[in-house]
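Q: I'd like to go over a predicted model; first the sequence, then the structure.
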Amino acid sequence: MMTPPTDPQKIALLDAILPHVAFDGWSQTAFDAAVTEIGIDPAHARTMCRRGAVDLAIAYHMRADAAMIAALKASDMSDMRFRDKVAHALRLRIAGIDDKEAVRRAAALFALPHMAADGSKLIWGTADKIWEALGDTSQDVNWYTKRMTLSGVYSAVILYWLGDDSLDGQATDAFIDRRIDDVMQFEKFKSTMRDNPLFKPFTGPLSKMLSSVRAPTKMPPADLPGIWQDPR
């Protein structure tokens, strides 16, 4: 599981690269400039970030995820409907971003064919963190469909936000509400299909097949003996 950086030097490297990303993207040029700026040994920088700027782009995404989770834990959502809690989490995720151009450049980076797997993993991870923070306990196929649906919503929201120049992001707020409405309508449609006797010959066998799907087993804590964790 990917986690935000905790090494002070890697954090310093991440902070140093951000001003350069606006001009050079998450590139080797930006990475080298950040290394020079904070004055660390290039070989050591490569040890911390084996893929250079790519690892820092991933770290930047993870840092915003962590900020969102911290803000969610500090939020009083007791009077919110569940759909409003999801919308609130998406707004907090955007609020955790302190450099819009860095995200724009990261979107371009992870849209490249050879980077698509990393980008998809990051988006899925954000959706997973939101569901866990909101107390999701599903252990069947719903574990997957919830995260798949929210991944699509989150991706659409980020792309919309990148082009939003409205006052205080009001257009993005409205867009989030519309996307959540779409998801709720889809869930209502699925429920109608499942309960309609006309569709039982089709939905029955499918439901039986899907009933065997289980959520993945959680990994043990990384500090247990014999457990190795990717240092990136």
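A: Happy to help now that I have it. Remember, predicted model here, so these are calculated numbers, not experimental data.
Q: Name the secondary structure element that contains Ile180.
A: helix 170-195 (DSSP states H and E).
Q: Next: Gly125.
A: Per DSSP H and E: Gly125 is located in helix 116-133.
Q: Residues in contact with that helix: which ones?
A: 1-2, 54, 58, 61-62, 65, 68-69, 72-73, 86, 89-90, 93, 109-111, 146-148, 150-151, 154-155 (C-beta atoms under 8 Å, 6 or more residues apart in numbering). Where you see a C-beta, it was placed from the backbone N, CA and C, and this is true even at glycine.
Q: do the same with stretch 73-88
A: Residues outside stretch 73-88 that contact it (C-beta under 8 Å, 6+ apart) are 72, 92, 130, 133-134, 150, 176-177, 180, 183-184.
Q: Of these, grab the buried ones for PyMOL.
A: Filtering these down to the buried ones (16 or more other C-beta atoms under 10 Å) takes a single PyMOL command:
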select buried, resi 72+92+130+133+150+176+180+183
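Q: Can you tell me how far the spatially most central residue of the chain is from Lys146?
A: By C-alpha atoms, centre = their mean, the mean C-alpha position of the chain lies nearest to Thr126, the distance being 2.4 Å. Going from Thr126 to Lys146 by C-beta to C-beta, to the nearest Å gives 13 Å.
Q: repeat for Gly125
A: 14 Å.
Q: just Trp131 next, same as before
A: According to C-beta to C-beta, Trp131 and Lys146 sit 6 Å apart.
Q: ok, now Leu122?
A: 17 Å.
Q: Enumerate the positions of stretch 145-162 that are buried.
A: 146-147, 149-151, 153-155, 157-158, 160-161.
Q: Take those and write them to TSV, including distance to Pro42, pLDDT and secondary structure.
A: Listed next are the buried residues of stretch 145-162 as TSV, based on distance: C-beta to C-beta, whole Å; pLDDT from 0 to 100; DSSP: H, G, I helix; E, B strand; the rest coil:
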residue	distance to Pro42	pLDDT	secondary structure
Lys146	43	89	helix
Arg147	38	92	helix
Thr149	43	92	helix
Leu150	39	93	helix
Ser151	36	95	helix
Val153	40	95	helix
Tyr154	35	96	helix
Ser155	35	96	helix
Val157	37	97	helix
Ile158	32	97	helix
Tyr160	39	97	helix
Trp161	35	97	helix
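Q: Nearest to His20 among those?
A: Ile158 (21.9 Å; C-beta to C-beta).
Q: got a list of what that closest one touches?
A: By C-beta under 8 Å, 6+ apart, the residues touching Ile158 are 94, 103, 107.
Q: Show the buried residues in these.
A: Listed as buried from the contacts of Ile158 are 94, 103; burial here means 16+ other C-beta under 10 Å.
Q: rewinding a little: same list, the contacts of stretch 73-88, but as CSV with distance to Ala215 please.
A: CSV is the format used below for the contacts of stretch 73-88 (distance: C-beta to C-beta, whole Å):
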residue, distance to Ala215
Leu72, 21
Leu92, 24
Ile130, 15
Ala133, 16
Leu134, 15
Leu150, 15
Ile176, 26
Asp177, 29
Ile180, 23
Val183, 20
Met184, 22
